[in-house]
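**Student:** The amino acid sequence is not available; the structure is as follows:
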């Protein structure tokens, strides 16, 4: 028996990637909406309530509207928007964070897919808050670079236009007023008392990202070393397939001391790196903003909810 799946917002970047990841799967039947009825609430409601699993690849308000259309108590919703990521009634779709996260995803009918930047940040900070290395009240900063696909269709069109401005060939800082939509999620899921200071950068390549968190040893709640933090990360993710802690200081992995942000493009993997010396520690998470940061994570959550191998369709 095939599971019926409806992707509400299939025309967007994340929706298209989810659709592509279902190619070749014989356990899925995709319910498609007619092009001229994409914004018809009654037709969307019909398909939502006919489906077993619904992916929401929509702006926040539209995602909330779609949830309000659910009348069938058996429908399971996987929301890729920001709308429900800090709602305790929804499972947070990062199964590698803890046994509890994985179990809640498996048993829930409502799952919120993490944001791309937030995925990298939380993967780094959550284990350190749990271990008492970072105190909840401690100031935390984050710097990150992403390909332009993270900005959606409009940004992709601007970056791929033949007459794009010269500035678009350069890395560009944004969210300078410290109001990025991922910051609340980064704070709440990591267990921090305050939002982190966040400096994101978009650059002239399609997909892939690095999220970094710098730590000053003398300011940590519990004195430690870079090697000890690496051991914490290694133990935390030791049994995970998609999230791996890489060799300390990137030994044998990085070429000439450089780390490319697009090395995991097209995959659902995330790599955790730990660097440091006697004063400073730098943690980095490398992932695909369209993979583990969006569509890949969404499909992985659905696989867990279905009770099948979570790698299905993601290799």
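**Tutor:** It's in. Just so you know, these numbers come straight off a predicted model, no measurement behind them. Residues are numbered from 1 along each chain as shown.
**Student:** all contacts plus neighbour counts: C-alpha atoms, from now on.
**Tutor:** Noted.
**Student:** Show the pLDDT at residue 162.
**Tutor:** Residue 162 is assigned a pLDDT of 94 by the prediction.
**Student:** and it, backbone torsions?
**Tutor:** phi -60, psi -20 (degrees, to the nearest 10).
**Student:** what's the burial count for it?
**Tutor:** 8 (other CA atoms under 10 Å).
**Student:** What are the contacting residues of the lengthiest helix in the chain?
**Tutor:** Ordering each helix of the chain by length in residues (DSSP state H) puts helix 116-130 first. Helix 116-130 is contacted from outside by 94, 97, 134-136, 142, 144, 182-183, 185-186, 189-192, 210-213, 229, 232-233, 236, 270, 272, 283-287, 289-290, 292-294, using CA atoms under 8 Å, 6 or more residues apart in numbering.
**Student:** again, but for stretch 26-40
**Tutor:** By CA under 8 Å, 6+ apart, stretch 26-40 touches 1-7, 22, 43-44, 47, 51.
**Student:** Kindly recompute the last result at 6 Å.
**Tutor:** 2-6 (CA atoms under 6 Å, 6 or more residues apart in numbering).
**Student:** now, which of those residues lie within strands?
**Tutor:** Applying DSSP state E to those, the entries found in strands are 3-6.
**Student:** Drop anything exposed from those residues.
**Tutor:** 4-6 (16 or more other CA atoms under 10 Å).
**Student:** Helix or strand next in line after the helix or strand residue 227 falls within, which one?
**Tutor:** Counting by DSSP states H and E, the element that carries residue 227 is helix 226-236. Per DSSP H and E, the first helix or strand lying C-terminal to helix 226-236 is strand 243-245.
**Student:** Give me the nearest residue to residue 91, chain neighbours excluded.
**Tutor:** residue 111 (4.6 Å; CA to CA, 6 or more residues apart in numbering).
**Student:** next one: phi and psi at the one you found?
**Tutor:** The phi/psi pair for residue 111 (degrees, to the nearest 10) is phi -130, psi 130.
**Student:** mind listing what it touches?
**Tutor:** 78, 90-93.
**Student:** repeat for residue 145
**Tutor:** 200-202, 209-210.
**Student:** Try it again at 8 Å.
**Tutor:** 200-203, 209-211, 261.
**Student:** next one: residue 24
**Tutor:** Applying CA under 8 Å, 6+ apart, no residues contact residue 24.
**Student:** what kind of secondary structure is it in?
**Tutor:** coil (DSSP: H, G, I helix; E, B strand; the rest coil).
**Student:** Residues in contact with stretch 155-167: which ones?
**Tutor:** Outside stretch 155-167, the residues touching it (CA under 8 Å, 6+ apart) are 148-149, 168, 204.
**Student:** Same question for stretch 236-252.
**Tutor:** Everything outside stretch 236-252 that qualifies as a contact, by CA under 8 Å, 6+ apart, is 96, 127, 227, 230, 233-234, 253, 268-276.
**Student:** so where does the closest residue to residue 69 other than its chain neighbours fall, helix or strand?
**Tutor:** In space, and not counting its chain neighbours, residue 69 is closest to residue 45: 5.5 Å by CA to CA, 6+ apart. For residue 45, the element it lies in under DSSP H and E is helix 41-50.
**Student:** any idea how far the nearest residue to residue 1 once chain neighbours are set aside is from residue 10?
**Tutor:** Excluding the flanking residues, the one nearest residue 1 by CA to CA, 6+ apart is residue 27, at 7.1 Å. From residue 27 across to residue 10, the span is 19 Å (CA to CA, to the nearest Å).
**Student:** Looking at the two, which has the bigger crowd around it?
**Tutor:** residue 10 (20 against 10).
**Student:** Name the residue closest to the centre of the chain, please.
**Tutor:** residue 293 (2.9 Å; CA atoms, centre = their mean).
**Student:** ok, residue 99 - how many residues close by?
**Tutor:** Neighbours of residue 99 using other CA under 10 Å come to 9.
**Student:** and the closest residue to residue 176 other than its chain neighbours, what helix or strand is that in?
**Tutor:** Spatially, and ignoring its direct neighbours in sequence, residue 176 is nearest to residue 199 (7.2 Å; CA to CA, 6+ apart). For residue 199, the host element (DSSP H and E) is strand 197-203.
**Student:** Next one: residue 127 relative to residue 37, how far apart?
**Tutor:** 45 Å.
**Student:** should've said residue 185
**Tutor:** Taken as CA to CA, the span from residue 185 to residue 37 is 33 Å.
**Student:** So for these two, which residue has more residues nearby?
**Tutor:** Between residue 185 and residue 37, counting by other CA under 10 Å, residue 185 is the more crowded of the two (23 against 11).
**Student:** domains of the protein?
**Tutor:** 3-114+294-306, 116-289 (automatic domain parsing).
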